[in-house]
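Undergrad: Any chance you could fold what I've pasted below:
(one chain, ligands or ions: 1)
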Amino acid sequence: MTGMFGVYGAPPHELADVPAGATQLSPLVPGAQAIEDLAEGVLTGGAVVVAPPGTLERRYVLAHAVRAVAAGARLTVMAPKDKGGTRIARELEGFGGAVEEASRRHFRICTMRRPAQPAGLDAAISEGGPRLVEAIGLWSQPGVFSWDKIDAGSAMLAGELPRFAGVGADLGCGIGMLARRVLAASPDVVRLTLVDLDRRAVACARRNVDDARARFAWSDVRDLAFDAGGIDFVVMNPPFHDGGAEDQALGQSFIRRAAEILKPGGACWLVANRHLPYEAAMAPVFKSVRAVVQRDGYKIYEATR
Ligand SMILES: C[S@@+](CC[C@H](N)C(=O)[O-])C[C@H]1O[C@@H](n2cnc3c(N)ncnc32)[C@H](O)[C@@H]1O
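TA: Numbers count the residues shown, from 1 in each chain. Coordinates of the predicted model:
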């Protein structure tokens with residue numbers, strides 16, 4: 001590999017060459033380098049980016065990629081056609097690049113040499129950056145889960161939570177909305193660990209949850225080391241996306257992880273889309289499962305270990 005090479009996300013092998021030793025830049029890969037922290041022009045080997053689907057988030061990432069790639073080095077950006085892929089070429093041209101575009105499988109793949117004087121980067125970076133979202137009174141950033149509104153399922157769970165005590169975990173904490181509610185309503189909680197796969201969400205949660213009892217972890221819930229059996233309560237709104245098979249498996253992993261870390265008698269409070277088959281995942285690993293409320297397409301459960 002000649003010079004530092006950046007990769008954002010997981011480009012399919014057949015669509016791009018990513019040299020061994022490339023620096024991962026995605027906020028969804030725990031431990032990865034933050035693209036925002038790269039010095040201008042440091043990626044002398046170039047970069048490959050799998051562009052995210054949301055417009056503000058994508059333009060933010062592309063602007064940072066253009067900034068970080070060295071003048072003259074190659075930047076390759078790809079995305080599925082129906083997830084923003086058709087917009088990449090125009091967006092890169094807006095930053096001053098001469099773009100070549102190809103279509104392979106269901107992806108659009110754009111390549112360009114980084115221009116010496118790119119245009120419009122600051123605006124895209126400021127439009128996609130973290131900010132206090134007035135409507136929800138919380139720090140957030142385009143790209144994190146439900147970034148500019150409170151998710152209906154989470155709001156419902158927040159309204160049903162009991163007063164907790166002891167040591168807790170918020171699995172998939174997002175920007176920390178549930179954790180704030182838990183800590184505000186439960187003076188007997190001594191520690192609450194907030195875990196999320198998304199670095200940006202954890203960074204926002206740190207700002208939103210200003211409480212000495214909170215701990216923060218940028219991690220996959222499946223990998224984070226808790227004291228097994230040391231937790232009194234868990235709250236979670238597991239990732240679901242479109243409810244496809246993969247997402248259900250992830251939700252089921254969240255459920256198993258909650259059961260592993262809870263003390264006997266500890267409780268897991270969970271909200272899920274009503275149609276997701278989570279009862280079947282909870283039954284074998286919890287002593288009892290109670291549907292607390294079912295409304296507006298959501299179901300809230302209390303599962304006791
Ligand atoms: C449905 S959202 C809930 C967010 C927040 N708790 C709320 O109620 O607004 C699920 C969260 O799980 C996170 N997530 C997805 N996969 C994860 C994983 N494997 N480990 C940890 N967090 C994950 C997502 O980034 C997202 O913030």
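
Undergrad: Tell me which stretches of the stretch 151-300 of the chain form strands.
TA: 166-171, 189-196, 214-218, 231-236, 262-273, 288-295, 298-304 (DSSP state E, counting those that start in this stretch).

Undergrad: Now do the contacts for the residue sitting furthest away from the middle of the chain.
TA: For the chain, the largest distance from the centre (C-alpha atoms, centre = their mean) belongs to residue 116, which lies 32.5 Å off. Residues in contact with residue 116 (C-beta atoms under 8 Å, 6 or more residues apart in numbering) are 71, 72. Using the backbone N, CA and C atoms, a C-beta is placed for each residue, glycine as well.

Undergrad: In contact with the residue nearest in space to the middle of the chain: list those residues for me.
TA: In the chain, the C-alpha nearest the mean C-alpha coordinate belongs to residue 198, at 3.3 Å (C-alpha atoms, centre = their mean). The contact partners of residue 198, by C-beta under 8 Å, 6+ apart, come to 27, 28, 143, 144, 145, 174, 218.

Undergrad: can I assume residue 271 is in contact with residue 157?
TA: Yes - with contacts counted by C-beta atoms under 8 Å, residue 271 reaches residue 157, the gap being 3.9 Å.

Undergrad: which neighbours do the two share?
TA: Contacts common to residue 271 and residue 157, judged by C-beta under 8 Å, 6+ apart, are 237, 300.

Undergrad: beta partners for the closest residue to residue 290 other than its chain neighbours?
TA: In space, and not counting its chain neighbours, residue 290 is closest to residue 302: 4.8 Å by C-beta to C-beta, 6 or more residues apart in numbering. With beta bridges defined as DSSP bridges, residue 302 has these partners: residue 269, residue 290.

Undergrad: Check the gap between residue 302 and residue 194 for me.
TA: 20 Å (C-beta to C-beta, to the nearest Å).

Undergrad: Just want to know which of the two has more residues nearby.
TA: residue 194 (29 against 18; other C-beta atoms under 10 Å).

Undergrad: residues contacting the more buried one?
TA: Contacts for residue 194 (C-beta under 8 Å, 6+ apart) come out as 169, 170, 173, 176, 179, 202, 205, 209, 214, 215, 216, 217.

Undergrad: residues contacting the nearest residue to the last one once chain neighbours are set aside?
TA: Okay, so that is residue 217. Distances taken as C-beta to C-beta, 6+ apart place residue 195 nearest to residue 217, at 4.6 Å, with adjacent residues excluded. Shown in contact with residue 195 (C-beta under 8 Å, 6+ apart): 169, 170, 171, 172, 173, 217, 219, 221, 224.

Undergrad: can you redo the residues you listed as TSV with pLDDT, distance to the ligand and neighbour count?
TA: TSV is the format used below for those (pLDDT from 0 to 100; distance: C-beta to the nearest ligand atom, whole Å; neighbours: other C-beta atoms under 10 Å):
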residue	pLDDT	distance to the ligand	neighbour count
169	97	11	29
170	98	6	27
171	97	7	26
172	97	3	21
173	98	5	30
217	97	9	18
219	97	7	16
221	96	4	24
224	87	8	16
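
Undergrad: now the helices for the stretch 51-200 of the chain?
TA: Along the stretch 51-200 of the chain, the segments classed as helices by DSSP state H, counting those that start in this stretch run 55-68, 88-94, 121-128, 152-160, 177-185, 199-208.

Undergrad: thinking again about what came up before, which single one of the contacts of residue 195 is nearest to residue 89?
TA: Distance to residue 89 across the contacts of residue 195 (C-beta to C-beta) is lowest for residue 172, with 34.3 Å.

Undergrad: Now do the closest one against residue 294, distance only.
TA: Residue 172 is 21 Å from residue 294, by C-beta to C-beta.

Undergrad: buried set for stretch 268-275?
TA: Using 16 or more other C-beta atoms under 10 Å as the test for burial, stretch 268-275 gives 268, 269, 270, 271, 272.

Undergrad: just checking, the last one touches residue 240?
TA: Yes - at 6.9 Å, residue 272 counts as touching residue 240 under the criterion of C-beta under 8 Å.

Undergrad: Check the contact lists of the two and give me the overlap.
TA: With C-beta under 8 Å, 6+ apart, residue 272 and residue 240 have common neighbours residue 251.

Undergrad: Check the separation of the first and last residues in stretch 79-95.
TA: Terminal residues of stretch 79-95 lie 18 Å apart, using C-alpha to C-alpha, to the nearest Å.

Undergrad: do the same with stretch 82-93
TA: 20 Å.

Undergrad: Now do the buried residues in it.
TA: Within stretch 82-93, judged by 16+ other C-beta under 10 Å, the buried ones are 83, 84, 85, 87, 88, 89, 91, 92.

Undergrad: what residue ranges in the stretch 101-250 of the chain score low on pLDDT?
TA: The stretch 101-250 of the chain contains residues with pLDDT under 70 at 241-246.
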